[in-house]
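K.L.:
Show me the folded form of this:
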Amino acid sequence: MSSIQIPEGYKSALGLKDTQIAIKKVKDFFQNQLAAELNLQRVTAPLFVEPSSGLNDNLNGTERPVAFGIKEQNDHEVEIVHSLAKWKRYALGRYGFAPGQGLYTDMNAIRRDEDTDNIHSIYVDQWDWERVIEKSDRNAEFLHKIVKNVYEALHVTEKYVANKYDYVKCFLPDDISFVTTQELEDRYPDCTPKEREYKIARLHGAVFIEQIGDQLKSGDRHDGRAPDYDDWSLNGDIIVYYPVDDIALELSSMGIRVDEEALRSQLLKAGCPERAELPFQKAILEKKLPYTIGGGIGQSRICMFFLRKCHIGEVQVSIWPQEDLKAAADRGVVLL
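P.N.:
Numbers count the residues shown, from 1 in each chain. Predicted structure coming up:
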């Protein structure tokens, strides 16, 4: 059975070729806005890393990486990245970025354990960004300031796309709202985390749901987060209400990264204190890496959102289940 939902009466406003042209316009404009808002410099980034480096991201701690052996190195094993959260922090230190300066890059990944649907694919393309901060910036006030900067880039991009394409009507609010995962649980105690996200996104239009990863009062977690990149008390997701699919759509996950105290605490909570001996984690504990804030912004996600597509496969080439391809085609939707 197909996992996708095609809204009643949905028809793409752009054909295949015009969609490709529009994708480039959206990507070019948005990345320039993001770089300007956050003072970021574009850099190149790896597609794969060595498992022993500790640089690959465990995401919520359960996803399996895609690994392969390198022939000329006696089949030495490397892994396709899940994201670049840890690598970016390492790169900022290696390249000598100063506080207030940052980098961004194109990140491409394969997430083999992803369950595909309208907004999920096994292929991930996103802008990964990271910026050096002072330790004194590790607080909610500074986090909120950067969230507003990122949201402004999104907000301006929507206006740009609406000016280019008459069918696009702006609906993002002028300002983003903020709510913690505990406040959400208190407000909607009988709902699942995803149901809470939908309700709050529908209410506000755009919201930053913060403090993701740690246990709530109920003993549950709102969502999983690896223990060694985001500080669970200083992170969150930018989520918007998307009326095309009537869903809460996550456009960005971001946060202030762990310092030495947060890393020790979160490794213990996650039951993997042995990761403290890996090179990247050890460098944090020994204060050899800069304090940073960073995040990822889905390229196909924002193209889907700004071009008002109902499925991410309309803006991204990937492998889709045959039943999804057929369900989409039966409704006149072409998945790439």
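K.L.:
So S233: helix, strand or coil?
P.N.:
The three-state assignment at S233 reads strand, by DSSP: H, G, I helix; E, B strand; the rest coil.
K.L.:
Quick check, it in contact with Q182.
P.N.:
No. S233 lies out of contact with Q182 (Cβ atoms under 8 Å); the separation is 10.9 Å. Quick note: C-beta positions are derived from backbone N, CA and C, even for glycine.
K.L.:
Neighbour count: the two, which is higher?
P.N.:
Set S233 next to Q182 and count neighbours by other Cβ atoms under 10 Å: S233 wins out with 20 against 16.
K.L.:
Return the residues in contact with the more buried one.
P.N.:
Q211, D214, A262 (Cβ atoms under 8 Å, 6 or more residues apart in numbering).
K.L.:
quick check, nearest of those residues to V81?
P.N.:
A262 (22.7 Å; Cβ to Cβ).
K.L.:
And that closest one, which helix or strand is it part of?
P.N.:
helix 260-269 (DSSP states H and E).
K.L.:
And that helix, what's buried?
P.N.:
By 16 or more other Cβ atoms under 10 Å, the buried positions in helix 260-269 come out as A262, L263, R264, S265, Q266, L267.
K.L.:
Thought Y229 was touching the second one, still the case?
P.N.:
Read it as L263. No. In this structure L263 lies outside contact range of Y229 using Cβ under 8 Å: 9.2 Å.
K.L.:
Which stretches in this protein count as helices?
P.N.:
Ranges of helices in the chain, per DSSP state H, are 16-38, 85-95, 140-164, 181-187, 193-204, 260-269, 279-285, 299-306, 322-330.
K.L.:
Which strands and helices lie in contact with the helix holding A262?
P.N.:
On a contact count with 3 or more Cβ pairs under 8 Å, 6 or more residues apart in numbering; DSSP states H and E, helix 260-269 meets strand 230-242, helix 279-285.
K.L.:
For the lowest-mean-pLDDT helix or strand in the chain, which strands pair with it and how are they oriented?
P.N.:
Of all helical and strand segments in the chain, the minimum by mean pLDDT, DSSP states H and E falls on strand 48-49, at a mean of 85. Here strand 48-49 is paired, per DSSP bridges, with strand 76-80 (antiparallel).
K.L.:
model confidence over the strand it pairs with, on average?
P.N.:
Taken as a whole, strand 76-80 carries a mean pLDDT of 88.
K.L.:
Give me the contacts around that strand.
P.N.:
Identification of contacts with strand 76-80 by Cβ under 8 Å, 6+ apart yields 47-51, 56, 65-70, 109-110.
K.L.:
So among those, where is pLDDT lowest?
P.N.:
Ranked by pLDDT, those bottom out at N56, which has 71.
K.L.:
who wins for proximity to V132 among the helices of the chain?
P.N.:
Nearest to V132, of all these, is helix 85-95, at 5.4 Å by Cβ to Cβ.
K.L.:
Determine the set of other helices and strands touching that closest one.
P.N.:
Helix 85-95 sits against strand 102-110, strand 123-133, helix 279-285, strand 291-298, with contacts defined as 3+ Cβ pairs under 8 Å, 6+ apart.
K.L.:
Any buried residues in the third one, and which?
P.N.:
So that's helix 279-285. F280, Q281, I284, L285.
K.L.:
what does stretch 165-177 give?
P.N.:
Under the neighbour-count criterion of 16+ other Cβ under 10 Å, stretch 165-177 has Y165, V168, L172, I176 buried.
K.L.:
repeat for stretch 118-138
P.N.:
By 16+ other Cβ under 10 Å, the buried positions in stretch 118-138 come out as 118-119, 121-133, 137-138.
K.L.:
what's the spacing between that stretch and its chain's center?
P.N.:
From the chain centre to the centre of stretch 118-138 is a distance of 6 Å (Cα atoms, centre = their mean, to the nearest Å).
K.L.:
just stretch 298-317 next, same as before
P.N.:
Its chain's average C-alpha position is 14 Å from that of stretch 298-317, according to Cα atoms, centre = their mean.
K.L.:
again, but for stretch 198-211
P.N.:
That offset, for stretch 198-211, works out to 16 Å (Cα atoms, centre = their mean).
K.L.:
Now do that stretch, average pLDDT.
P.N.:
Average pLDDT, stretch 198-211: 97.
K.L.:
Check what contacts that stretch and list those residues.
P.N.:
With contacts defined as Cβ under 8 Å, 6+ apart, stretch 198-211 is touched by 140, 143-144, 147, 151, 171-173, 175-182, 184, 187-188, 191, 197, 222, 232-241, 247-249.
K.L.:
List the buried residues in it.
P.N.:
Buried residues in stretch 198-211 (16+ other Cβ under 10 Å): Y198, K199, I200, A201, H204, G205, A206, V207, F208, I209, E210, Q211.
K.L.:
Distance of the last one relative to L234?
P.N.:
As for Q211, its distance to L234 is 8 Å (criterion: Cβ to Cβ, to the nearest Å).
K.L.:
Equivalent analysis for the fourth one, please.
P.N.:
Look at A201 and L234: by Cβ to Cβ, they are 21 Å apart.
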